[in-house]
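In: Here is the input, now give the coordinates:
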Amino acid sequence: MGEDEACLYLVNNGHTIVKRNWRYSHLEVDIISLDKSGLHFVEVKARTVPCMVEPQTNVNYTKKKNLSKAAAAFLNSPLRKTLPADLEISLDVITVVFDKTQIRIEYIPRAYYPVFGNKFY
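Out: Alright, predicted model coming up:
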């Protein structure tokens, strides 16, 4: 449900969904979307109230590294060739918190820079 809400939010804010749950080996990108600012690799974190911590705190170093690797794999895949060549790349996080009858969504574009090895770029 969290990914569905995240997709709906992105589409309502000008994104086109390119792929959902794109897999490369054991890695996965929850949402790949396209908007006027570029190509977005989006990690979705969904929780139900009460939450011990904000959902984005669960996007740790390992998750960032894995999303970076998966994004790099997508950029080298045949699917990438179907998109414009000069796109800006963004690694984003979107959080969805379900609170009884309310849904709270926070979108964090460019949440972090790609991680390769032990370095941030």
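In: Show me where the chain has its helices.
Out: 2-12, 61-75 (DSSP state H).
In: Using JSON lines, lay out those helices together with distance to residue 38, mean neighbour count and mean pLDDT.
Out: (Glycine included, C-beta is placed from N, CA and C.) Output for the helices of the chain, formatted as JSON lines (distance: least, C-beta to C-beta, whole Å; neighbours: other C-beta atoms under 10 Å; pLDDT from 0 to 100):
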{"stretch": "helix 2-12", "distance to residue 38": "13", "mean neighbour count": "17", "mean pLDDT": "95"}
{"stretch": "helix 61-75", "distance to residue 38": "12", "mean neighbour count": "18", "mean pLDDT": "87"}
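In: just so I know, which of those helices lies nearest residue 90?
Out: helix 61-75 (9.5 Å; C-beta to C-beta).
In: Need the residues that contact the closest one.
Out: If you take C-beta atoms under 8 Å, 6 or more residues apart in numbering as the criterion, helix 61-75 is touched by 19, 22, 24-25, 27-29, 32, 41, 43, 80, 89, 91, 112, 114-116.
In: picking up where we left off before, indicate which one of the helices of the chain is closest to residue 104.
Out: helix 2-12 (10.0 Å).
In: Quick check on the contacts of helix 61-75: which are buried?
Out: Among the contacts of helix 61-75, those buried by neighbour count (16 or more other C-beta atoms under 10 Å) are 22, 24, 27, 29, 32, 41, 43, 91, 112, 114-115.
In: from the residues you listed, which is closest to residue 105?
Out: For the buried ones among the contacts of helix 61-75, the nearest to residue 105 is residue 43 (13.7 Å; C-beta to C-beta).
In: so the closest one bridges to which residues?
Out: residue 93 (DSSP bridges).
In: Same question for the one 4 residues further on.
Out: Applying DSSP bridges to residue 47 yields these beta-bridge partners: residue 97.
In: which ones are touching it?
Out: Counting by C-beta under 8 Å, 6+ apart, residue 47 has contacts 55, 95-98.
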